[in-house]
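Asks: Here you go, sequence then predicted model.
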Amino acid sequence: MSEKNMPYAGVRRELPAVSRSSGIERPARESLARFIRKNWPLYVMVLPMMVYFLTFKYVPLLGSVIAFKDYNIFEGFMGSEWVGFRWFKTLATQPRFMSIFWNTVIVSFYQIVFAFPAPIVLALLLNEVRRTAYKRTVQTLVYLPHFLSWTLVYGMAYMMFSTQSGLFNQLLGHFNLDPIPVLQAPEYFRTLVVGAGVWKEMGWSTIIFLAALTGISPTLYEAAQIDGAGRWKQMLHITMPGLMPAIVILLLLKIGNVLDVGFEQIYVFLSPMTYSVGEVLDTYSYRLGIVNGQFSITTAIGLFKSIIGFALLVSVNKLSKKTTGEGLY
């Protein structure tokens, strides 16, 4: 066949660079400086975020050395006396610390079991709504509590469950029942805190899952309808697999912060009568560090939380990669 009759004749083709030593074809590499000059607008856009993380996330890590020193505010963290692992040993030998640690684990477990699936369920329900106006109205109503402060949330809980003027106990009084001290009784504290968290943040967290649902191709649902699949089977075999990457990533992030249960959420509901079940590592660190000025032991608590969270994140991420194929990295 002549060159004129060959297909794509006259089209200039760029051949990849060939290594003279090995003879292996390698694409020509663009220098790093030239690549940066070509894409400089993208680097300018990401620069503020890099400065933010360096200033507020990585530079403060140098202060973790306080956990290994007897920190004196006048001498600074470089001039303070080095004490090694003394503060970690102090925490390990305190019975109160172990009870506070288990309070934190239990509250975090309740949040994972009850608070984490709530926005997933809400997203699935909203996804089935076909009336756009009704759907948007419900979305707006469930988003609004996110913008309330925890102080206002506690005020609403006080109006609802106060033994003197609470609506709940007034209803019990109409049936000649004794009032229930929901805000003061230790047995109701964890349920109240986790329930308030679900009510406040469920709608806002739903946004992520609704965004993930928009990425599912409508042709999959059309094909399933042709095959005779109903709404329930479509949700099980199309919607849930489509949501799984977002669910796995958010669950891994939650497990990585398993000892961070929310300072404000716990602190506004905490009272001397509920310390036994409500005191967590966040509030304990506040009392030691801010109130009592024991910065070294407070830093040791924060470092302890970070190490536990990092170990759990790495372990669960490996398990997730093996079982579901999804992971953070």
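Replies: Nice, thanks for sending it over. Just so it is clear, the structure is predicted and the values come from calculations on it, not from any experiment.

Asks: Show me which positions of stretch 139-151 end up buried.
Replies: Q139, V142, P145, W150 (16 or more other CB atoms under 10 Å). (C-beta placed from N, C-alpha, C; glycine too.)

Asks: which one is the second one nearest to, not counting chain neighbours?
Replies: The reference is to V142. G203 (3.0 Å; CB to CB, 6 or more residues apart in numbering).

Asks: Assign that neighbour to helix, strand or coil.
Replies: Here G203 is helix, with the state taken from DSSP: H, G, I helix; E, B strand; the rest coil.

Asks: Kindly reformat the buried residues of stretch 139-151 as CSV and extend each row with pLDDT.
Replies: Below are the buried residues of stretch 139-151 laid out as CSV (pLDDT from 0 to 100):
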residue, pLDDT
Q139, 89
V142, 91
P145, 93
W150, 94
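
Asks: Spatially central residue for the chain, please.
Replies: K254 (4.3 Å; CA atoms, centre = their mean).

Asks: tell me the contacts of that residue?
Replies: By CB atoms under 8 Å, 6 or more residues apart in numbering, the contact list for K254 reads Q111, I112, F116.

Asks: how near is the second one to M244?
Replies: I take that to be I112. Going from I112 to M244 by CB to CB, to the nearest Å gives 17 Å.

Asks: Where do the helices of the stretch 101-250 of the chain begin and end?
Replies: Secondary structure of the stretch 101-250 of the chain (DSSP state H, counting those that start in this stretch): helices at 117-127, 132-143, 150-161, 167-174, 186-214, 218-226, 231-234, 240-256.

Asks: Distance to S276 added to those helices, as CSV?
Replies: As requested, those are arranged in CSV below (distance: least, CB to CB, whole Å):
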stretch, distance to S276
helix 117-127, 27
helix 132-143, 34
helix 150-161, 19
helix 167-174, 23
helix 186-214, 6
helix 218-226, 51
helix 231-234, 44
helix 240-256, 26
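
Asks: Give me the neighbour count for T283.
Replies: 20 (other CB atoms under 10 Å).

Asks: can you tell me the helix or strand for it?
Replies: helix 281-286 (DSSP states H and E).

Asks: Check which element follows that helix along the chain.
Replies: Using DSSP H and E, the first helix or strand after helix 281-286 is helix 295-323.

Asks: just how off-centre is that next one within its chain?
Replies: A distance of 14 Å separates the centroid of the chain from that of helix 295-323, by CA atoms, centre = their mean, to the nearest Å.

Asks: Name the next helix or strand following whichever helix or strand V46 is part of along the chain.
Replies: Element membership for V46, per DSSP H and E: helix 40-53. Sequence-wise, the next helix or strand downstream of helix 40-53 (DSSP H and E) is strand 69-70.

Asks: quick one: buried residues of the helix or strand just after that next one?
Replies: Next in sequence after strand 69-70, counting helices and strands by DSSP H and E, comes helix 76-79. By neighbour count on 16+ other CB under 10 Å, the buried set for helix 76-79 is F77.

Asks: pull the CA atoms of helix 76-79 into PDB?
Replies: Only the C-alpha atoms of helix 76-79 are listed here, as PDB (Å, rounded to 0.1, in the frame of the first residue of the first chain):
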ATOM      1  CA  GLY A  76       8.800  29.000  77.800                       C
ATOM      2  CA  PHE A  77       8.600  25.500  76.400                       C
ATOM      3  CA  MET A  78      12.300  25.500  75.500                       C
ATOM      4  CA  GLY A  79      13.500  26.600  78.900                       C
END
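
Asks: Counting by contacts, list what it packs against.
Replies: On a contact count with 3 or more CB pairs under 8 Å, 6 or more residues apart in numbering; DSSP states H and E, helix 76-79 meets no helix or strand.

Asks: neighbouring contacts of that helix?
Replies: Counting by CB under 8 Å, 6+ apart, G63, V65, I66, K69, Y71, N72 sit against helix 76-79.
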